[in-house]
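Asker: Below are the sequence and a predicted model for it; my questions follow.
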Amino acid sequence: MSRLKSSLAGAVAIGVLALSAVPAAAQMTKKFEVVGTWGFLENYKQFESKLWTTDLPKASGGKLTANVKPYTELGLKGYEVMAGLKKGAYDVVHALTSYSAKASPALEGIDLAGVVQDFDTYRKAVNAYRPIIARELADKYNAKLLNMYTFPSQQLWCNFKDKSIKSIPLSALAGKKIRTYSRTLGDFIEGLNASAVTIAFAEVVPALQKGVADCGITGTMPAYNAKWWQVVTHNIRIRVGYAATFTAMNMDTWNSLDEATQKIILAETKKMEDAVWAFEQSLDQKGMDCNASGPCDKGEPGGMVPITPSAEDQKKVKEIAEKVVLARWAKRCGQKCADDWNATVGKVVGMTAKP
């Protein structure tokens, strides 16, 4: 081969390698029907809707667009959306693992109440458990997992008649009716000798107002945005969960896409995932501040009384997580679930699930 031909061949090879390092341009045009989470919360406003209306169209040169609406606009409850995705009623959903666990208890395994108390550990757990989530969504819902992210930490928000109380032990919650939204949270509440009451997020404020529930569980900023501070007095700052959330596409829709389009979607959903994790860690503290005395750049501080759990109560949380929450979940999910969890999340948190 001449020196010229050799140089040209080398240039072509380098060019091919360079092109393979960036996502290929979309070869097809597609408009997706997408269901997002709650329209008044940051995850939808800043990330979910933006992914489909701005980021994906831009990355695809306008070929990939979407009609995206949140649960709140569609009148859907979080428990309902995955059934609709499986039937093909829409192409993509943003959904919570705990809300989707009826068909697959294994999905609960990434958000077991009280098991993880910090964001860094939680992200490691999510990454470890991701293959199990992907498998369960494919098997139970005919869905392709695109990404996984979180809400602010889920904490306890309670009504006590005397707002001057600055210290409340967990034992004081015994006998109270506490709003939950998942089986694992219900197990945790029962571990406190309290009663779990399942109430949809949109219905919690009137339930707290009327005394249908004495306390509720939700994320720190969601509690502020939904104005829980108008109807409860105290925030007990124990992280009982993170409302693990995923983006999933109907598998038939996914399989109908060409490889270039799939690569663009995976690249953009990964960018969104990373951005949400970084955002939520700072939002978590902002939510606690806004519900208490501030500072709050979202509006008027809520004036709740913050309760920091004692070392004894932190020990109690771990005990309930291990002996009640994890044990009950392993029993209802079975040995295969326990083995999968022990090989993934269990290694991250130093716990063992035993059916």
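Answerer: Perfect, thanks for sending it.

Asker: Ramachandran angles for the closest residue to Leu266 other than its chain neighbours?
Answerer: Excluding its sequence neighbours, the residue lying closest to Leu266 (C-beta to C-beta, 6 or more residues apart in numbering) is Leu146, at 6.8 Å. Bear in mind the C-beta positions are built from the backbone N, C-alpha and C, glycine included. Here is the backbone geometry of Leu146 (degrees, to the nearest 10): phi -110, psi -40.

Asker: And Val197, by the same measure?
Answerer: The phi and psi torsions at Val197 (degrees, to the nearest 10) take the values phi -120, psi 120.

Asker: Ok, Ala66 next?
Answerer: Phi and psi for Ala66, reported as degrees, to the nearest 10, are phi -160, psi 150.

Asker: same check, this time on Gly302
Answerer: Backbone dihedrals for Gly302, given as degrees, to the nearest 10, come out at phi -80, psi -20.

Asker: Hmm, Gly287 and it touching each other?
Answerer: No: with contacts defined as C-beta atoms under 8 Å, Gly302 does not count as touching Gly287, sitting 9.8 Å away.

Asker: Could you name every residue contacting both of the two?
Answerer: Counting by C-beta atoms under 8 Å, 6 or more residues apart in numbering, the contacts common to Gly302 and Gly287 are Tyr224.

Asker: Show me which of these two is the more surrounded one.
Answerer: Neighbours were tallied for Gly302 and for Gly287 using other C-beta atoms under 10 Å; the higher tally belongs to Gly287 (28 against 24).

Asker: Which of the helices or strands spans that one?
Answerer: helix 259-291 (DSSP states H and E).

Asker: Contact partners for the residue nearest to Leu266?
Answerer: Neighbours of Leu146 in contact, by C-beta under 8 Å, 6+ apart: Val92, Phe246, Thr247, Ala248, Met249, Ile265, Leu266, Thr269.

Asker: what do you get for Glu273?
Answerer: By C-beta under 8 Å, 6+ apart, Glu273 lies in contact with Asn147, Met148, Tyr149.

Asker: in the stretch 51-200 of the chain, which ranges drop under the pLDDT threshold?
Answerer: Across the stretch 51-200 of the chain, not a single residue meets the criterion (pLDDT under 70).

Asker: which residue ranges form the strands in it?
Answerer: In the stretch 51-200 of the chain, strands defined by DSSP state E, counting those that start in this stretch lie at 64-70, 92-96, 143-149, 154-158, 177-180, 195-198, listed in chain order.

Asker: Next, count neighbours for Ser310.
Answerer: The criterion is other C-beta under 10 Å. On that basis, Ser310 has 13 neighbouring residues.

Asker: any idea how far Ala226 is from Ser293?
Answerer: Between Ser293 and Ala226 the distance is 19 Å, computed by C-beta to C-beta, to the nearest Å.

Asker: Which one of the two is surrounded by more residues?
Answerer: The residue with the greater number of neighbours, taking Ser293 and Ala226 and applying other C-beta under 10 Å, is Ala226; the counts read 20 against 13.

Asker: and that one, what pLDDT?
Answerer: You'll see Ala226 listed with a pLDDT of 94.

Asker: so how far is stretch 311-320 from its chain's centroid?
Answerer: 24 Å (C-alpha atoms, centre = their mean, to the nearest Å).

Asker: Please renumber the chain so that the first residue is 23 from this point on.
Answerer: Sure, I'll start counting at 23 from here, so that last one is stretch 333-342.

Asker: mean confidence for that stretch?
Answerer: Across stretch 333-342, the per-residue pLDDT values average to 95.

Asker: ranking the strands of the stretch 73-222 of the chain by burial, who's on top?
Answerer: Of all these, strand 114-118 has the most neighbours on average by mean count of other C-beta atoms under 10 Å, namely a mean of 27.
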